[in-house]
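Peer 1: Okay, sequence plus prediction incoming.
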Amino acid sequence: MSFKKESRSGKVVQNGTSKHFLERGASTNEYFDIAFKVMLLGDSAVGKTCFLVQFKDGAFLAGSFIATVGIDFRNKVVAVDNVKVKLQIWDTAGQERFRSVTHAYYRDAQALLLLYDITSKSSFDNIRAWLTEVHEYAQKDVVIMLLGNKSDMANERVIKREEGEKLAREYGVPFMETSAKTGVNVELAFLAVAKELKHRAVQQPNEPKFKIHDYIESQKEQSSCCRFL
Ligand SMILES: Nc1nc2c(ncn2[C@@H]2O[C@H](COP(=O)(O)OP(=O)(O)OP(=O)(O)O)[C@@H](O)[C@H]2O)c(=O)[nH]1
């Protein structure tokens with residue numbers, strides 16, 4: 001079920017009442033070997049739509065905030081060890097009134113990216129409630145990642161990075177801070193998930209087990225070293 005309109009122009013626009021995904025399901029015809037469903041979850045305004053648009057189009061939706069209505073998806077194919085992995089990424093509405101709609105989609109998802117906003121204490125506090133919902137509605141072996149978004153807003157930060165790390169450790173899930181505005185760690189989050197899912201699905205006999213925590217830590221170090229060169 002989707003409450004958003006479709007079009008073919010391939011751009012995301014805002015019409016003043018809701019965010020509309022144009023070219024819905026774009027790149028569906030692109031060749032891929034394996035496909036997975038990923039859902040973006042978290043309170044309203046944490047940046048889920050911007051996060052998806054940054055990954056898909058490399059652009060930031062600036063301007064006034066317009067809440068998502070219902071749920072919709074976009075596709076992106078990424079290469080993982082010569083395997084083409086199609087991620088079908090579902091952007092959900094964070095507002096409480098759409099919760100019953102989004103619950104119906106949890107069951108099919110292989111990965112959940114759970115976002116909070118580092119400038120919003122309530123969005124961070126609500127992560128526990130989101131995780132309770134996830135455990136109730138999602139598959140037992142779903143890949144979960146915790147993301148502290150809006151890391152570019154350092155001056156307005158109210159949640160320390162260490163608090164995010166601590167919560168993630170408590171639930172045994174990987175964590176990173178991201179910015180849908182600057183793009184920091186956006187691709188890394190999706191790539192890490194794609195790699196984890198691909199390794200689970202097509203594990204070669206002599207291949208070492210993929211460790212998502214280690215991969216993220218190594219890539220985070222690399223990207224922070226290179227950003228400042
Ligand atoms: N500075 C900054 N602003 C961001 C970032 N991500 C999103 N925003 C802004 O935060 C507001 C909310 O972003 P959305 O992506 O619409 O939030 P959402 O989580 O999809 O909200 P719902 O659709 O209601 O669930 C918008 O004004 C965005 O421009 C970010 O990383 N940095």
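Peer 2: Thanks, I have the structure now. Numbering: from 1, shown residues only.

Peer 1: For this structure, what lies in contact range of the ligand?
Peer 2: Proximity of the chain to the ligand, by CB under 6 Å from any ligand atom, involves residues 44-50, 61-62, 65, 67-68, 93-95, 149-150, 152-153, 179-181. Bear in mind the C-beta positions are built from the backbone N, C-alpha and C, glycine included.

Peer 1: For the residues you listed, which ChimeraX command selects only the ones that are buried?
Peer 2: With 16 or more other CB atoms under 10 Å as the criterion, this ChimeraX line picks the buried residues out of the residues of the chain next to the ligand:
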select :44,45,46,47,48,49,50,61,68,93,94,149,150,152,179,180,181
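
Peer 1: quick check, residue 99 in a strand?
Peer 2: No: counting by DSSP: H, G, I helix; E, B strand; the rest coil, one finds residue 99 to be helix, located in no strand.

Peer 1: Quick check: closest non-adjacent residue to it.
Peer 2: Closest residue in space to residue 99, ignoring its immediate chain neighbours: residue 133 at 7.9 Å, by CB to CB, 6 or more residues apart in numbering.

Peer 1: Could you pull up the residues touching that neighbour?
Peer 2: 99, 103, 106 (CB atoms under 8 Å, 6 or more residues apart in numbering).

Peer 1: Among those, which one has the most neighbours?
Peer 2: The residue in the contacts of residue 133 with the most neighbours, by other CB atoms under 10 Å, is residue 106 (20 neighbours).

Peer 1: List phi and psi for that residue.
Peer 2: Per-residue torsions, residue 106: phi -60, psi -40 (degrees, to the nearest 10).

Peer 1: That one against residue 134, yeah?
Peer 2: Yes: under the criterion of CB atoms under 8 Å, residue 106 lies in contact with residue 134, with a separation of 6.9 Å.

Peer 1: start to end distance for stretch 150-169?
Peer 2: With CA to CA, to the nearest Å as the measure, the ends of stretch 150-169 fall 21 Å from one another.

Peer 1: Sort out which residues of that stretch are buried, please.
Peer 2: Under the neighbour-count criterion of 16+ other CB under 10 Å, stretch 150-169 has 150-152, 159, 164, 167-168 buried.

Peer 1: Which of these fall within strands?
Peer 2: Nothing among those maps onto strands, per DSSP state E.

Peer 1: Keep only those of the residues of the chain next to the ligand that are in strands.
Peer 2: In strands, defined here by DSSP E, the members of those are residue 149.

Peer 1: Of all the residues in stretch 105-114, which ones are buried?
Peer 2: Residues 105-106, 109-114 are the ones in stretch 105-114 that count as buried (16+ other CB under 10 Å).

Peer 1: now those residues in CSV, with pLDDT?
Peer 2: Conversion of those to CSV gives the following (pLDDT from 0 to 100):
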residue, pLDDT
105, 87
106, 89
109, 96
110, 97
111, 98
112, 97
113, 98
114, 98
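
Peer 1: Specify which member of these is nearest to residue 122.
Peer 2: Taking CB to CB as the measure, residue 122 lies nearest residue 114 of the buried residues of stretch 105-114, at 14.7 Å.
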